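Trainee: Sequence and predicted structure, then a few things I'm wondering about:
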Amino acid sequence: MALIHAPRRESRHKPLSASKAVEKLINTSKLIEYREDVRPQEAKRIQDAFTLMAEPSGEGRASQAAERRNNYRWLLKKVQDTVGPQLVVLCAVGLGQSAIGGMTDRVRLEFLEVIKEQEEALKSAILQKLANEYSVLAPDIQADAMSTRQPEASEEHLPKAGPLEDPGHAAGSLAGDVYKLTIEDLQTLATSNQIQGQILLTDPYKPNYSPFITILISKDLRNHFATQSVQIM
């Protein structure tokens with residue numbers, strides 16, 4: 001009696017070819033479009049991908065893990081420059097750092113060519129929505145990413161009106177719910193196109209008050225931060 005052998009399973013650590021990688025992206029795109037959303041762990045991978053692009057590349061002799069991370073960052077930036085942030089979302093969900101970081105240089109270059117050819121088939125309205133929500137400006141934001149010298153608990157975080165004519169009374173007039181934001185939140189804010197009015201630096205007259213920055217934002221962005229951040233006051 002002849003034995004029937006099950007098909008040999010490919011090693012999960014075997015590097016993907018460019019065609020296999022794009023095939024995974026196509027399937028992932030269809031799945032996201034069907035669900036009309038991503039799962040929480042997938043959302044985290046998207047956010048991590050855009051955050052990674054905002055970080056500087058590692059310098060000097062790198063470990064294997066750091067090299068994979070740098071390769072992942074490099075390809076994400078190339079994808080964004082070549083076909084836009086929608087495909088960054090797709091790469092983060094469908095492939096991730098392990099798959100992309102483990103590709104050879106040649107496969108990564110082939111991959112960029114293939115996704116450029118398949119661009120229209122891969123993109124969708126839901127991917128655009130996710131890209132708008134999670135994207136940050138990769139190389140330039142790190143330089144800005146610090147005017148973050150704001151107080152730990154700024155009661156002036158959510159101003160209701162325009163320029164502050166009397167900085168000394170800011171705390172009393174602008175009190176409200178206070179949420180703890182992260183560097184990633186500031187990066188999102190900087191590229192959201194939802195800043196309204198001027199960005200103001202206030203140096204309070206009272207010596208026991210720390211300087212702070214006031215940024216007027218849209219209610220949509222306020223709602224986004226409020227649902228994802230920890231309320232501290």
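Mentor: Perfect, I can see it now.

Trainee: buried stuff in stretch 124-135?
Mentor: Ser124, Ile126, Leu127, Leu130, Ala131, Tyr134, Ser135 (16 or more other CB atoms under 10 Å). For every residue, glycine as well, the C-beta is placed using N, CA and C.

Trainee: Just the closest of those residues to Thr82, please.
Mentor: Nearest to Thr82 among those: Ala131, at 14.2 Å, using CB to CB.

Trainee: Name the residues that touch the helix or strand Arg69 falls within?
Mentor: Element membership for Arg69 (DSSP states H and E) is helix 64-83. Residues from elsewhere that reach helix 64-83 (CB atoms under 8 Å, 6 or more residues apart in numbering): 49, 52-53, 55, 57-58, 62, 87-88, 91-92, 97-98, 100-103, 108, 111-112, 115-116, 119, 122-123, 138-139.

Trainee: Skip ahead from that helix and say which helix or strand is next.
Mentor: Next element after helix 64-83 (DSSP H and E): helix 85-94.

Trainee: name the helices or strands packed onto that following helix?
Mentor: Helix 85-94 sits against helix 18-35, helix 40-53, helix 64-83, helix 119-122, helix 125-134, with contacts defined as 3 or more CB pairs under 8 Å, 6 or more residues apart in numbering; DSSP states H and E.

Trainee: Average pLDDT for it, rounded please.
Mentor: The average pLDDT for helix 85-94 rounds to 95.

Trainee: give me every residue that touches Ala49.
Mentor: Contacts for Ala49 were tallied using CB under 8 Å, 6+ apart; they are Tyr72, Leu76, Val88, Val89, Cys91, Ala92.

Trainee: for the chain, longest strand please?
Mentor: The residue-count maximum for a strand in the chain (DSSP state E) belongs to strand 195-202.

Trainee: How about Glu184, nearest residue that isn't a chain neighbour?
Mentor: Distance criterion CB to CB, 6 or more residues apart in numbering; nearest residue to Glu184, sequence neighbours excluded, is Thr51 at 5.1 Å.

Trainee: Isn't that neighbour up against Gln187?
Mentor: Yes. Here Thr51 reaches Gln187: they are 7.2 Å apart, a contact under CB atoms under 8 Å.

Trainee: between those two, which one's more packed in?
Mentor: Gln187 (22 against 18; other CB atoms under 10 Å).

Trainee: And that one, how far from Glu23?
Mentor: As judged by CB to CB, to the nearest Å, Gln187 and Glu23 stand 32 Å apart.

Trainee: got it, and Leu122?
Mentor: 11 Å.

Trainee: Between the two, which has more neighbouring residues?
Mentor: For Leu122 versus Glu23, the count of surrounding residues by other CB under 10 Å is larger for Leu122: 20 against 15.

Trainee: shaky segments in this protein?
Mentor: Applying pLDDT under 70 to the chain flags residues 1-14, 57-62, 136-177, 179, 196-197, 204-209, 229-233.
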